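**Student:** compute the structure for the input listed below.
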Amino acid sequence: MKKHAVTLYPLEKTQSFDEDTLLLDALTDMGVIVKTPCGGKGVCGKCRVKVKGALSALTEQEKRHAVNDERLACQAKIMGDVQVFIEDSVTRREVIYHPVDREARYGVAVDIGTTTVQVKLVTIGRSESFLIGSFLNPQRRYGHDVIARITVSDDPEKYQELVNLIQHAVATLLLDFLDVVKLSPEQIDLLIFSGNTTMMYFLFNIDVSTLGVYPFTVPRLDFDDFRPDDIALEIFRNARVFALPAVSAYLGSDLIGGLALALEQGFDRNVIFIDIGTNGEIFMINSSGAIYAASCAMGPALEGMNISSGMTADVGAITHIGADNNKLDFEMLGESAPVGMCGTALIDIIAHFLRMGVILPSGAFSKEISNIELPTPARYLHDGNLKMIKLWDEITLTQKDIRNVQLAKGASLSAALILLDEAGCSLRDIEQVLIAGAFGQHLDIENFKQLRFLPDFPNAEYHFLGNSSLTAAERACLDPGFLEKARSARDRVQVVELSGHTDFNKQFVEAIKF
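**Tutor:** Numbers count the residues shown, from 1 in each chain. Down below sits the predicted model:
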């Protein structure tokens, strides 16, 4: 395959790439940090760069966002030699500044999600912590879910690149933060990680091949014998490296962290917990204290990916949609015009349209939609096989978007029903529902319940835990005994494999309906 040179100015740094390489991937490999909160769909326009040279033709998305010599890095492909003009600051991963104590000792808590990575700095001995950065997992170029990345890893070169991508991304953010706040890496005593099993394997450079093939063998479930130089963090020579334990191939340290936190807070009977992400993870504790857990493939729709106008929580993202007096309104991050929707807003708009009869319980747009008075400013468009409702500017809700949400809710609802049966619980037995993930921050619980991501628990109280995976890593920095608590909790878990469950397919088909 032909190779072409990409040169960064004013750095005058040059590297060769295969023809048809996405400009975004090339820049990432060259250490340029490009914001892509929409996951590379060209929706948000935040990856604009000034560029000259041989690139693919402008896409429709670029025509809306790019001007003069600008191109969207997530859309343009390299077709010949290219020159990219960047500011020096662009090569630095965006970090959140916070004053630090130069006499204190610190730990670093890292949640490596399939879609998003978040990092906190923790002051040891003071119970103080703060977020220092968040970024989209750069591995997403090889697929939005773990199965796609495991499959790609059959190629040894691609596997090593996936390892390098996540290690380098974490290292870059940490080093940039230390440089900004002028903190010595020798003040970092702990590096604690959490995430699903596949992400932990990539981070620690452990073969992932058995995770994607039945019976999904897991060579190791504990990660307590690694050094900083094993994960490209050799500069932190004083730090000890740990990760929360996993329980199976698809029930990782993120679930165990949530379980340990729940038990610590007294949620130890008649509880159901769901961590909503690309891979949904659920545990249930029955009245006798027995713990059952399962994972389900929800996909990245609720994290803003695989959705026509979806994006993560960034400036321009709509987080909540209301409907009143036949008019839609919204809340968003930032003060510019909206450019996309978070998963919480997606749930809101589908719930509103279900109540109005615009969307049927089957998930299809109503056949009578042309006769239904849509709330301002919504308008229905039907162009061939493409069915959608336009909301604000270029923000849309398509039939495919609805189907992706149905797949997510079908997976979580059917998994929860099977766990109820395995645990010997009725709907009335459940007293506490714990919802984890950054997703819950803007979630309207009534809209969430209407879409039936979980069964209707008539006696339950609902609690939002935020990013429990990151919180658990933070607790491990502060409490020397927390990792042992997590391991003890892990050893109590009874794993329910949905893939081999006789009722799962039947439950899933029924659960897709709203």
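**Student:** and the nearest residue to K52 once chain neighbours are set aside, what element?
**Tutor:** Nearest residue to K52, sequence neighbours excluded (CB to CB, 6 or more residues apart in numbering): Q83, at 4.8 Å. The C-beta positions use only the backbone N, C-alpha and C, and glycine is treated the same way. Assigned by DSSP states H and E, Q83 belongs to strand 78-85.
**Student:** now P99
**Tutor:** Judged by DSSP H and E, P99 forms part of no helix or strand.
**Student:** burial measure for it, as a count.
**Tutor:** P99 has 6 neighbours, counted by other CB atoms under 10 Å.
**Student:** which parts of the stretch 1-150 of the chain are strands?
**Tutor:** 3-9, 13-18, 48-55, 70-72, 78-85, 106-112, 116-123, 128-136 (DSSP state E, counting those that start in this stretch).
**Student:** okay but L413 is in contact with P455, surely?
**Tutor:** Yes. Taking CB atoms under 8 Å as the contact criterion, L413 and P455 are neighbours in contact, 6.7 Å apart.
**Student:** these two: which is more packed in?
**Tutor:** L413 (22 against 17).
**Student:** my guess is F135 meets T115, correct?
**Tutor:** No. F135 is not in contact with T115 according to CB under 8 Å; the separation is 10.4 Å.
**Student:** tell me the angle the strand holding Q83 makes with strand 13-18.
**Tutor:** The directions of strand 78-85 and strand 13-18 differ by 160 degrees, with axes from the mean of the first three to the mean of the last three CA atoms, to 10 degrees as the criterion.
**Student:** which of the residues in strand 78-85 are buried?
**Tutor:** I78, M79, V82, V84 (16 or more other CB atoms under 10 Å).
**Student:** walk me through which strands it pairs with, and which way each runs.
**Tutor:** Counting by DSSP bridges, the strands paired with strand 78-85 are strand 3-9 (parallel), strand 48-55 (antiparallel).
**Student:** if I look at the residue nearest the centre of the chain, how far off is N459?
**Tutor:** Residue closest to the average C-alpha location in the chain (CA atoms, centre = their mean): T115, at 3.3 Å. Relative to N459, T115 is positioned 33 Å away (CB to CB, to the nearest Å).
**Student:** got it, and A169?
**Tutor:** Taking CB to CB, one finds A169 at 44 Å from N459.
**Student:** go on, K400?
**Tutor:** 37 Å.
**Student:** so the two - more neighbours on which side?
**Tutor:** K400 (15 against 12).
**Student:** surely F439 and I347 touch.
**Tutor:** No. Using CB under 8 Å, F439 is not in contact with I347, being 9.2 Å away.
**Student:** the helices in the stretch 151-300 of the chain, which residues?
**Tutor:** Assigned helices in the stretch 151-300 of the chain, in chain order: 156-181, 197-203, 253-264 (criterion: DSSP state H, counting those that start in this stretch).
**Student:** quick one: average pLDDT of the shortest one?
**Tutor:** Per-residue pLDDT over helix 197-203 has a mean of 97.
**Student:** buried stuff in it?
**Tutor:** T197, T198, M199, M200, Y201, F202, L203.
**Student:** what's the closest of the strands of the stretch 1-150 of the chain to D383?
**Tutor:** strand 70-72 (23.4 Å; CB to CB).
**Student:** give the other helices and strands that the closest one contacts.
**Tutor:** Judged by 3 or more CB pairs under 8 Å, 6 or more residues apart in numbering; DSSP states H and E, strand 70-72 is in contact with strand 48-55, helix 60-65.
**Student:** list the helices and strands the last one packs on?
**Tutor:** Counting contacts by 3+ CB pairs under 8 Å, 6+ apart, helix 60-65 is packed against strand 70-72.
**Student:** paired strands for the strand it packs on, with orientation please.
**Tutor:** strand 48-55 (antiparallel).
**Student:** just how off-centre is the strand it pairs with within its chain?
**Tutor:** Average the C-alpha atoms of strand 48-55, do the same for its chain, and the two points are 29 Å apart (CA atoms, centre = their mean, to the nearest Å).
**Student:** now it: buried residues?
**Tutor:** Those would be R48, V49, V51, G53, L55, for strand 48-55 by 16+ other CB under 10 Å.
**Student:** cool, and stretch 140-150?
**Tutor:** Buried, per 16+ other CB under 10 Å, within stretch 140-150: R140, R141, Y142, G143, H144, D145, V146, R149, I150.
**Student:** again with stretch 158-177
**Tutor:** Buried residues in stretch 158-177 (16+ other CB under 10 Å): 159, 161-167, 169-177.
**Student:** export that stretch as PDB, just CAs?
**Tutor:** Once non-C-alpha atoms are left out, stretch 158-177 reads as follows in PDB (Å, rounded to 0.1, in the frame of the first residue of the first chain):
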ATOM      1  CA  LYS A 158      -2.900  -4.600  15.900                       C
ATOM      2  CA  TYR A 159      -2.900  -6.100  19.400                       C
ATOM      3  CA  GLN A 160       0.300  -4.300  20.300                       C
ATOM      4  CA  GLU A 161      -1.000  -1.100  18.900                       C
ATOM      5  CA  LEU A 162      -4.200  -1.400  21.100                       C
ATOM      6  CA  VAL A 163      -1.900  -1.900  24.100                       C
ATOM      7  CA  ASN A 164       0.300   1.100  23.100                       C
ATOM      8  CA  LEU A 165      -2.700   3.300  22.400                       C
ATOM      9  CA  ILE A 166      -4.200   3.000  25.900                       C
ATOM     10  CA  GLN A 167      -0.900   3.000  27.800                       C
ATOM     11  CA  HIS A 168       0.300   6.100  25.900                       C
ATOM     12  CA  ALA A 169      -2.900   8.000  26.300                       C
ATOM     13  CA  VAL A 170      -2.900   7.500  30.100                       C
ATOM     14  CA  ALA A 171       0.800   8.400  30.300                       C
ATOM     15  CA  THR A 172       0.300  11.500  28.200                       C
ATOM     16  CA  LEU A 173      -2.500  12.900  30.400                       C
ATOM     17  CA  LEU A 174      -0.600  12.200  33.600                       C
ATOM     18  CA  LEU A 175       2.600  13.800  32.400                       C
ATOM     19  CA  ASP A 176       0.800  16.800  31.000                       C
ATOM     20  CA  PHE A 177      -1.000  17.300  34.300                       C
END
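**Student:** run through who's touching that stretch.
**Tutor:** 28, 31, 33, 92-93, 95, 108, 110, 112, 117, 119, 121, 132-133, 135, 137-139, 142, 149, 152-153, 183, 185, 199, 202-203, 205, 208, 231-233, 235-236 (CB atoms under 8 Å, 6 or more residues apart in numbering).
**Student:** what separates it from the chain centre, distance-wise?
**Tutor:** So, by CA atoms, centre = their mean, the centroid of stretch 158-177 is 17 Å from its chain's centroid.
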